[in-house]
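>>> Need a 3D model of the sequence below.
(chains A and B)
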Amino acid sequence: MATHGALEKTNPIASFYKFQGKYHGIFAWILSTDHKRIGLLYFFLILFFFSVAVFFGFLMRLKLVAPGFPLMKPQMYNAVFTLHGIIQIFLVVIPAIPAIFGNFFLPIQIGARDMAFPRLNLFSWWLYAAGALLVFLSLFTGGGPVDTGWTFYAPYSLRTTVNVPLAVFGVFVLGMSSVLTGINLVTTTHRLRIPGMTWFRLPLFVWGIYATAWVQILATPVIGITLVLIMVERYFGVGVFDPAKGGDPLLYQHLFWIYSHPAVYIMILPAMGVISEIIPVFARKNIFGYKAIAFSSMAIASVGSLVWGHHMFVSGQSDIASLIFSLLTFLVAVPSAIKVFNWVATLYKGSIDLKAPLLFALSFIFLFSVGGLTGLIQGALAVNIHLHDTYWIVGHFHYIIFGGMGFGFLAALHYWFPKMFGRMYDLKQTVRAWLLLFIGFNVLYFPMLILGWEGMPRRYYDYPPQFHTLHLISTIGSWILIAGLIWIFTNLFQALRKGERAEANPWGGATLEWQISSPPPKENFEKIPNVERGPYEFR
Amino acid sequence: METHQDTTGSKIGMWLFLLSEIILFGGLFLLYASYRYKYPSDFHLAAWELDRVLGTLNTLILITSSLFVALSIFFLRKGNRKLSALFLFATLFLGSLFLGIKGVEWTAKIEHDLYPNSARLLERSKGEVLFYGLYYSMTGLHGLHVLVGLGVLFVMFILMIKGKINEHRFVPLENSGLYWHLVDIIWIFLFPLFYLIT
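Reported below is the predicted structural model:
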């Protein structure tokens, strides 16, 4: 292990926090082209928006605590679930891992001193901030907050009086940010690997981000043009999605999902990369099936781009199309399952160290498997008719997005926290907080699967009394979950204030970020390291 | 701090960006294909009304401007900054001419009350409404790209005069040229789809 060599070097080098550049104060951050600072800039904004969206989620669950509970009117409820969706999807989940940890760790893991285009990187963050601001402004201007759901389905989004144009323009700008980040990450991976860092010595996190970045580049422009068309449609009435003028709303759905299904893989692939980092380190064992995991990332990215029609099984698209989309949906489960088997096989006969990051990683595997398997159930054509637009779907995608990406994010945060901030958090507290979150999560979302199976439609602001018990349980779950989140983040905040100084390599990882001091120096590496072995060969 | 120049990296980045631009237009081409398939005879009728002479002229102008930007890069790499600047200026001129002619075409149509949501257009068949909807959307988005391209080339022109891009540092011009070729190529697809296939 590389621990001892790196530790000696910890003190003499100043961290990137201490580096004094051209600018001072806050400008030293918002004008910095250091990939680490930009990663942290994303981190703070995303954390803020995450808490806003969680609050909207809390309100929704509170409204549904009992039939006829008078917390808000239907229009308000529509706005709340729309905002929850827009913020969580476009502002939090899509950028979270690639923009925070991808920015911070991808260059370090391949031995680079920064991204390929540092200024473009900063520009992407500014675009992100601008897009977020526009979405935020759309709440208070025009006709008020959007009530279309995060999908902006035509023709409703063309007719509703609320402020759709500004909101979709905000999302368009966020999309530009995402494309440019993708371009930066792909180019960085191709050009800035140090000598010896061959493609098959790349840490699997890099593979995950690399596959994601391709999807960001290739899929995001489709939603870009779709959202532009909504604006054009509203301002000029060109008619391409308006049935009254011969347009076809189904084409809107196609275009929307051509991006938005691959977007699910933008969310999950980086999280899978994180899990592939954590499992071998805490099992003290080389990863099982490195190439299978790397290639399955690329397979998910490509096959996952061809399954969008499974969101439209009951929309009236042709039966043949539905059949093909259903088949491809089942196929895309194969590379995901390959990863799960590889992770479990890595643990087999390993020397398992059950610390906080591993707990998050293990719960990822469990929750993601529930999400994946429920996805297969609804991917079957006949069953889908029964489950379409019910709470089952809501339960399913929260198991994927929160259980998968969310827990993957927390795993990454706990794994890399000592490196990013140079402090160690209270490991015992984390385990307790994790347990609370895990329980809360399942109490919140598992009843949704049953509710949906019994016929409760999604996006309804009220329900008949026979659904009361399950809704009540789910709402209580939301309180437990939020308590868990608060605990987790207070714990980390405490660590920032008075945590012990972190060692360079607290977990005994073999990838490059653990061979430099915590937090890393401005230029990452004093001298370019030598790479002579794979990322998980512990010695 | 050491400075780092990776020209191959810059070009990879540019090509990836162009790829994303093609997909942006791809969404519109997808709509065009679907609606042409759905309303073949309406598209046929509507396409007759576009001015093929001006369309052809504009195609020639844009292709020539693409040649000029390529020549500009060629001469810059040879070290002939004067000729390079001249060709770049010619590119800017032709690009603006293209926009001017496009403007004449749009104005003529709008004067005939043929624009999205106009009373006269809405009286027509659905396929024709969509044809014009797509015509304005696609040529409009393309025109916007021409405008951005002109802006970028103009900045290059200024930088060239100031000597900040030269025979040693020509990748910015090369990348801008690539962008201009993309704008050109998209038009080469738009032209037959709207003007020729009737």
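>>> Can you tell me the closest non-neighbouring residue to the closest residue to chain A within chain B?
Using CB to the nearest CB, the single residue of chain B nearest to chain A is B:K126, 2.7 Å away. Yep, even glycine has a C-beta here, placed from its N, CA and C like the rest. Leaving aside its sequence neighbours, B:K126 sits nearest to A:G246 (CB to CB, 6 or more residues apart in numbering or on different chains; 2.7 Å).
>>> Give me the neighbour count for A:P465.
9 (other CB atoms under 10 Å in any protein chain shown).
>>> now A:G508
15.
>>> pretty sure it contacts A:K285?
No: A:G508 is beyond contact range of A:K285, at 11.7 Å (criterion: CB atoms under 8 Å).
>>> Find the residues that touch each one of the two.
A:F538 (CB atoms under 8 Å, 6 or more residues apart in numbering or on different chains).
>>> Next, count neighbours for the one residue in chain A that gets nearest to chain B.
Relative to chain B, the nearest point of chain A is A:G246 (2.7 Å; CB to the nearest CB). Residues within reach of A:G246, counting by other CB under 10 Å, total 20.
>>> same check, this time on A:T329
A:T329 has 25 neighbouring residues, counting by other CB under 10 Å.
>>> That one is in what secondary structure piece?
Assessed by DSSP states H and E, A:T329 sits inside helix A:319-347.
>>> which residues touch the residue nearest to B:K126?
A:239, B:35, B:39, B:125-127, B:129-130.
>>> Closest one to A:L122 out of those, please.
The closest of the contacts of A:G246 to A:L122 turns out to be A:G239 (CB to CB; 40.0 Å).
>>> pLDDT score for the closest one?
In this model, A:G239 is scored at 92, pLDDT.
>>> neighbouring contacts of the lowest-mean-pLDDT helix or strand in chain B?
For chain B, using mean pLDDT, DSSP states H and E, the weakest element among its helices and strands is helix B:119-122, scoring a mean of 92. Applying CB under 8 Å, 6+ apart, the contact partners of helix B:119-122 are A:245, B:112-115, B:128-129, B:132.
>>> close to chain B, is the longest helix seen in chain A?
As assigned by DSSP state H, the longest helix anywhere in chain A is helix A:249-283. Yes: shown here: helix A:249-283 in contact with chain B (CB under 8 Å from any CB of the partner chain) through A:251, A:254-255, A:258.
>>> Name the residues of the longest helix along chain B that come out as buried.
Using DSSP H, we find that the single longest helix of chain B is helix B:126-161. For helix B:126-161, the neighbour count (16 or more other CB atoms under 10 Å in any protein chain shown) marks B:126-139, B:141-143, B:145-146, B:149-150, B:152-154, B:156-157, B:159-160 as buried.
>>> From the contact counts, what lies against that helix?
helix A:204-236, helix B:7-38, helix B:40-48, helix B:81-111, helix B:119-122, helix B:171-191 (3 or more CB pairs under 8 Å, 6 or more residues apart in numbering or on different chains; DSSP states H and E).
>>> coming back round to it: might you report the residue contacts of the residue of chain B closest to chain A?
A:245-246, B:39, B:42.
>>> B:L173 touches B:F74, doesn't it?
No: B:L173 is beyond contact range of B:F74, at 10.6 Å (criterion: CB under 8 Å).
>>> Please say which of those two ends up with more neighbours.
Taking neighbours as other CB under 10 Å, B:L173 and B:F74 compare with B:L173 leading, 24 against 14.
>>> Contacts only, for that one.
B:72-73, B:76, B:88, B:156, B:160, B:165.
>>> Columns pLDDT on top of the residues you listed, output as TSV?
Formatted as TSV, these follow (pLDDT from 0 to 100):
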residue	pLDDT
B:S72	97
B:I73	96
B:L76	96
B:L88	97
B:M156	97
B:M160	95
B:I165	92
